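S.K.: show me how the following folds:
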Amino acid sequence: MKAFDSVAYYDKVGRINGWDFSQMKLTSEGIGWDFYQEVVRACIPSDFLLDIGTGGGEAVLAIAGSAQLIVGIDHSSGMIKTAVQNLNRAGIPNVRFMQMDAEKLLFPNEFYNVVSCRHSGFYAEEVARVLAPDGLFMTQQVGERDKINLKAAFGRGQAYESMPETLMRGYIAELSAAGFRDIQFDQYYATEYYETPEDLLFLLTHTPIIPNFGEVKGDMEVFEQFVADHMTAQGIITNAERFMIAAKRRG
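M.R.: Just a heads-up that it's a prediction; the model follows:
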């Protein structure tokens with residue numbers, strides 16, 4: 001099996017559809033929150049907001065009215081190309097998209113009031129540097145037990161062999177070391193039903209849940225058996241695990 005090339009992968013996905021999964025048909029039970037609505041609640045109209053790992057920009061374009069300026073960054077050129085196309089179609093004046101590595105944010109110190117990051121990597125020290133005193137950082141990430149029945153069927157998957165809460169505890173420790181305070185966290189474990197095999201296949205081919213999906217011998221046979229074993233009256237059942245962390249930069 002060849003190694004997973006995350007940059008090439010996200011460039012490919014970005015050129016195809018950004019990070020827009022609206023065409024998938026699924027229902028969910030037990031979702032704890034809508035991350036970007038939590039971001040909206042944290043903002044005031046005069047705020048500058050940075051979104052790390054913005055993908056195709058769909059999420060921040062939908063909340064453009066919540067801040068004076070929103071800048072979305074992504075390390076993937078494919079994602080940013082799609083984001084700029086979406087921005088041009090929307091004609092929203094207070095949103096900008098830039099290709100940038102989260103490890104080295106090309107912004108002045110204390111420039112942003114709020115920094116958000118959904119399902120993407122971040123560097124706590126860089127986030128702290130660009131946040132104004134008492135600024136807020138919010139991140140939502142995928143937990144280790146996400147899509148656990150799928151990972152078990154394939155015998156591989158994102159963080160499949162990691163202990164539960166390892167990622168969350170690691171992020172909290174990094175934020176604390178970088179000088180953040182009032183660190184709060186929450187988790188939810190939801191049930192998902194994908195309406196058709198095509199909907200679940202779209203997910204697997206546009207995310208790295210099962211690394212190198214379709215490139216490993218027998219993957220399609222495993223997929224077909226999974227669908228047969230997990231089809232219910234509501235759809236193909238799996239799960240979603242998410243955690244959210246909010247932390248303030250020390251003033």
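
S.K.: number of nearby residues for the residue lying closest to Phe213 once chain neighbours are set aside?
M.R.: Closest residue to Phe213 in three dimensions, ignoring its sequence neighbours and counting by Cβ to Cβ, 6 or more residues apart in numbering: Leu204, at 4.8 Å. All C-beta spots, glycine's among them, are computed from the backbone N, C-alpha and C. A count of nearby residues for Leu204, using other Cβ atoms under 10 Å, gives 18.

S.K.: and Ala67, by the same measure?
M.R.: 25.

S.K.: residue contacts, it?
M.R.: Applying Cβ atoms under 8 Å, 6 or more residues apart in numbering to Ala67 gives the contacts Cys43, Ile44, Pro45, Ser46, Asp47, Phe48, Leu49, Asn94, Asn113, Val114.

S.K.: distance of the most centrally placed residue in the chain from Ala59?
M.R.: Centroid-nearest residue in the chain, with Cα atoms, centre = their mean: His119, separated by 2.2 Å. Here His119 is placed at a distance of 10 Å from Ala59 (Cβ to Cβ, to the nearest Å).

S.K.: before we move on, what about Met24?
M.R.: 16 Å.

S.K.: more neighbours, those two?
M.R.: Set Met24 next to Ala59 and count neighbours by other Cβ under 10 Å: Ala59 wins out with 20 against 16.

S.K.: so what does the helix with the most length in the chain touch, helix or strand wise?
M.R.: Using DSSP state H, we find that the single longest helix of the chain is helix 77-90. Helices and strands touching helix 77-90, by 3 or more Cβ pairs under 8 Å, 6 or more residues apart in numbering; DSSP states H and E, are helix 6-17, helix 58-62, strand 69-74, strand 95-99.

S.K.: which of the ones you listed comes out lowest on mean pLDDT?
M.R.: Here the lowest mean pLDDT among these goes to helix 6-17, at a mean of 41.

S.K.: distance from the host helix or strand of Ala190 to the middle of the chain?
M.R.: Ala190 belongs to strand 180-194 when assigned by DSSP states H and E. Taking Cα atoms, centre = their mean, to the nearest Å, one finds the center of strand 180-194 at 12 Å from the center of the full chain.

S.K.: which neighbouring elements make contact with that strand?
M.R.: Counting by 3+ Cβ pairs under 8 Å, 6+ apart, strand 180-194 packs on strand 26-29, helix 166-177, strand 235-249.

S.K.: what comes up buried for the longest one?
M.R.: Same thing as strand 235-249. For strand 235-249, burial by neighbour count (16 or more other Cβ atoms under 10 Å) applies to 235-236, 238-249.

S.K.: can you check the shortest one too?
M.R.: Within strand 26-29, the residues scored as buried using 16+ other Cβ under 10 Å are Leu26.

S.K.: give me the sheet partners of that strand and which way each runs.
M.R.: Strand pairing for strand 26-29, determined by DSSP bridges: strand 180-194 (antiparallel).

S.K.: and whichever helix or strand comes after the strand it pairs with with strand 180-194, angle?
M.R.: Following strand 180-194 in sequence order, the next helix or strand is helix 197-206 (DSSP H and E). Per axes from the mean of the first three to the mean of the last three Cα atoms, to 10 degrees, the angle that helix 197-206 makes with strand 180-194 is 140 degrees.
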